[in-house]
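J.: Fold the following.
(chains A and B)
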Amino acid sequence: MKSSKLFWTITVLSFVLFGVFNLFRQGEAETPRRSFSALVAIDSTKCIAPADSMRANHMQVLYKWRNSSVRTGHRVHVAANGSRFEKSLNTCLGCHDNKLFCFNCHMYANVKPKCWNCHLSPKETP
Amino acid sequence: MKKILMPFVMVIVLALIPYLAVHYAGLTYLFGVIVPYTAAAVLVLGVLWRLFNWMRRPVPFCIPTTCGQEKSFAWIKHNPIENPTNSWQAGIRVLTEVLFFRSLFRNTKAEWHKDANLAYGSHKWLWLGGLVFHWSLLIIVLRHARFFFVMVPGFVDILDYADGFFDIILPTFYVTDALALAAVTFLFVRRLRDAKMRILSLPTDYFPLFLIGAIVVVGVLMRYVVRLNIMPVKDQMLRLVNFSFDAPGEIGTLFYVHIFLVSVLAIYFPFSKLMHAGAIFLSPTRNLANNSRIKRHINPWNKDIKFKTYSEYEDDYRDKMKKANLPLEKQ
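T.: Numbering: from 1, shown residues only, chains lettered A, B, ... in the order given. Sure, this is the predicted structure:
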C-alpha cells in the first residue's frame, strides 16, 4: 500500500516538475536572436587567454561558447584585455592548425568530446 | 539519530581534511602520493590477511544451506544450482550468487494486513537496489581504467560507450553515475523507513554508504560541474600505477578529496563488513557441494576410538560365558 502511494507521488511530482521546466524553456526560446551582421571585427592573431589557463580551462570556454552562441546568439567573446573574438571553432583552429592539435592530448587522456559529431574534424579536412 | 549523524559528520570531516590541507597548506605530495600508496598497501595486505585467515580455518562438516531438490533417484528432477553435488555446480552456485544475488531475489516480507492477517509476500526492492548499486560501482571502477592505462583496453571503451549511451549533456552523461547515487540513496532510506531496520542498523552500516555516496558525489562534481583539467590527473595516475614517487602536477583540489576518500575506503575495506566481497567466496554454507549422502564426511578432530566388536568380546570372555551357560556364537 505504502510503496504504491510513494510511486504515484513520485510519478505525479516528476510530471509537474517536467512541465514547469518546459514552461521555462519555452520562455528561453523566445528571446530575440541577434543578427550576424552586428558582429565586430574578429581578431584571431592571438589567443583569448594564456596557454596555461587555456590548457586547463578550454573545455569550460568551449562549453560556454556553445551554449551562448547557439542558444542565445551571442557570438562575440570579449577577452579579459578587451579584444574581441568570434565564438567559433574556426577561431581556435585558425591558429592551432596542426591536425593533431586536439587529438594528442585527448587521445592520451581518453577524453572524447562531442565536437566532431557535428563539426568537421581537423583530421577529416584535406 | 546519533548513529546516523556520527558517520555522516565523519565523512564530511574526512572530505574536508584533504580540501583544507591541499587548498591552504599545499600538501599535494602527501595526499597525491603517500596516502594513495599507503591505502593500496593496506587494502592488498589487509584483504590477503583476512582471506588467508579464513582459508586456514578447518571446515570439517558438510554444511551447505540448500533450497532445491537434492540429487536422488533418476526419476526425481535434480536442481544442480540450488543443491550442488560436485564442486563445479557449487562454483556456479557461488558465481550466480555473486553476480545476480540469487538469495536476495527470494527475499520475502511479512506484514499485518488490515483484517489482522499475517501475509508473506515477495519483496525484491533490496535485491534490485543492491544489484543496481554493485553493478554500477563495478562499471564505474572499470571505467576508471582510462586513468591507469596509456592504451585503454578495448572492452573498457565498449563499456564507456554503453554507459554513455543516452549521449546527453557535455561531457557525456554516464547512466551508472545517476544509478549509483540513486541506489546509495535507496539503501540509506531503506534503513530509515522501517522501525526494525532503524534499530538493527549500526554506524558501520551507514558509514560505507555515506563514504561511497561522497566519493560518487565528488566524482560527479569533478566531471560535470567543475570540469577538472584531466591531463595532470592522468599523469599522476600513470605515475602511481608505475610505482613512481614523483610529485603531482597542478591538479584541482577536488581530485585530492576524491582520491583521499577512495583511500579511506580502501583502508576501511579489510577491517569492515565490506569484506563480504571476499567472504562470499569462502562461506562454507554456500561453496560446499551437498554430497553428504554420496561421500562420508569424517570430522578430522575426532579422536581415534578403539572399538571392540562382539566377536572380540566373546574371545575375551568365552570361558566365563561358558561357565555361566550363556549362548555363544563360536564354541
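J.: Sketch out the helices for chain A, chain order is fine.
T.: With helices called from DSSP state H, chain A shows them at A:2-29, A:51-66, A:89-95, A:103-109, A:115-118.
J.: Likewise for the stretch 151-300 of chain B?
T.: Applying DSSP state H, counting those that start in this stretch to the stretch 151-300 of chain B gives helices spanning B:154-163, B:175-193, B:195-200, B:203-220, B:231-241, B:253-268, B:276-282, B:284-287.
J.: Look at residue 13 and report its pLDDT.
T.: Since no chain was named, I'll use chain A. At residue A:13, the model reports a pLDDT of 85.
J.: hmm, I had chain B in mind actually
T.: pLDDT, residue B:13: 97.
J.: Helix or strand: which one has it?
T.: Assignment of secondary structure by DSSP states H and E places residue B:13 within helix B:2-23.
J.: Tell me how far the helix or strand following that helix lies from the chain's centre.
T.: Counting by DSSP H and E, the element after helix B:2-23 in chain order, helix or strand, is helix B:28-29. Centre-to-centre, helix B:28-29 and its host chain are 32 Å apart (C-alpha atoms, centre = their mean, to the nearest Å).
J.: So which bits of the helix or strand that comes right after helix B:28-29 are buried?
T.: Sequence-wise, the next helix or strand downstream of helix B:28-29 (DSSP H and E) is helix B:35-55. Neighbour counts over helix B:35-55 (16 or more other C-beta atoms under 10 Å in any protein chain shown) mark B:35, B:36, B:39, B:42, B:43, B:46, B:47, B:50, B:51, B:54 as buried. Every C-beta, even on glycine, is put in place using the N, C-alpha and C of the backbone.
J.: So the second one sits against residue B:259, correct?
T.: By that I understand residue B:36. Yes - in this structure residue B:36 lies within contact range of residue B:259 using C-beta atoms under 8 Å: 5.8 Å.
J.: Could I get the buried residue list for stretch B:19-31?
T.: Buried residues in stretch B:19-31, counted by 16+ other C-beta under 10 Å: B:19, B:21, B:22, B:27, B:28, B:30, B:31.
J.: Compare the helices of chain A and give me the one nearest residue B:182.
T.: helix A:2-29 (11.6 Å; C-beta to C-beta).
J.: And the helix or strand containing residue B:98, what does it pack against?
T.: Using DSSP H and E, the element containing residue B:98 is helix B:87-100. On a contact count with 3 or more C-beta pairs under 8 Å, 6 or more residues apart in numbering or on different chains; DSSP states H and E, helix B:87-100 meets helix B:276-282, helix B:284-287.
J.: packing partners for the first one?
T.: Helices and strands touching helix B:276-282, by 3+ C-beta pairs under 8 Å, 6+ apart, are helix B:35-55, helix B:87-100.
J.: Mean pLDDT added to those helices, as a markdown table?
T.: As requested, these are exported to a markdown table (pLDDT from 0 to 100):
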| stretch | mean pLDDT |
| --- | --- |
| helix B:35-55 | 96 |
| helix B:87-100 | 95 |
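J.: I'd like a version of those helices in CSV, one that adds distance to residue A:70 as further columns.
T.: Formatted as CSV, the helices and strands packed on helix B:276-282 follow (distance: least, C-beta to C-beta, whole Å):
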stretch, distance to residue A:70
helix B:35-55, 41
helix B:87-100, 44
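J.: Of all residues in the chain, which one is nearest the centre?
T.: Here I'm looking at chain A. Geometric centre of chain A, nearest residue: residue A:66, 2.3 Å, by C-alpha atoms, centre = their mean.
J.: ah, I was thinking of chain B
T.: Most central in chain B (C-alpha atoms, centre = their mean) works out to residue B:277, at 2.3 Å.
J.: mind listing what residue B:94 touches?
T.: Remark: with contacts taken as C-beta atoms under 8 Å, 6 or more residues apart in numbering or on different chains, residue B:94 is in contact with B:280, B:281, B:286, B:287.
J.: Distance check, it against chain A.
T.: From residue B:94 across to chain A, the span is 32 Å (C-beta to the nearest C-beta, to the nearest Å).
J.: Which one of the contacts of residue B:94 is nearest to chain A?
T.: Closest approach between the contacts of residue B:94 and chain A, by C-beta to the nearest C-beta: residue B:280, at 28.4 Å.
J.: number of nearby residues for the residue nearest to the closest one when sequence neighbours are not counted?
T.: Of all residues not flanking residue B:280 in the chain, residue B:98 sits nearest, at 5.9 Å (C-beta to C-beta, 6 or more residues apart in numbering or on different chains). Around residue B:98 there are 14 other residues, counting by other C-beta atoms under 10 Å in any protein chain shown.
J.: shouldn't residue B:98 be in contact with residue B:279?
T.: No - with contact defined as C-beta under 8 Å, residue B:98 does not count as touching residue B:279 (11.0 Å).
J.: Distance from the chain centre to stretch B:233-245, please.
T.: Put simply, stretch B:233-245 sits 28 Å off its chain's centre (C-alpha atoms, centre = their mean).
J.: What's the mean pLDDT across it?
T.: Here stretch B:233-245 scores 94 as its mean pLDDT.
J.: shaky segments in chain A?
T.: A:1-3, A:22-45 (pLDDT under 70).
J.: repeat for the stretch 101-250 of chain B
T.: Checking the stretch 101-250 of chain B against pLDDT under 70 turns up nothing.
J.: Might you enumerate the residues of it proximal to chain A?
T.: Residues of the stretch 101-250 of chain B lying near chain A by C-beta under 8 Å from any C-beta of the partner chain: B:125, B:146, B:150, B:152, B:167, B:170-172, B:227, B:229-231, B:233-234, B:250.
J.: Just the buried ones from those?
T.: Buried among those (16+ other C-beta under 10 Å): B:146, B:152, B:170, B:171, B:172, B:227, B:229, B:230, B:231, B:233, B:234.
J.: For the residue lying closest to residue B:47 once chain neighbours are set aside, the count of nearby residues, please.
T.: Leaving aside its sequence neighbours, residue B:47 sits nearest to residue B:270 (C-beta to C-beta, 6+ apart; 5.0 Å). Using other C-beta under 10 Å, residue B:270 has 19 other residues around it.
J.: same check, this time on the one 4 residues further on
T.: Residue B:274 is surrounded by 19 other residues when neighbours are defined as other C-beta under 10 Å.
J.: OK, contacts around it?
T.: Contacts for residue B:274 (C-beta under 8 Å, 6+ apart) come out as B:208, B:265, B:268.
J.: Let me know whether the last one touches residue B:215 as I believe.
T.: No - if you go by C-beta under 8 Å, residue B:268 and residue B:215 don't touch, sitting 11.7 Å apart.
J.: who's in contact with residue A:110?
T.: Residue A:110 neighbours (C-beta under 8 Å, 6+ apart): B:146, B:152, B:234.
J.: can you give me phi and psi for the first one?
T.: Comment: the main-chain dihedrals of residue B:146 come out as phi -70, psi -20, following degrees, to the nearest 10.
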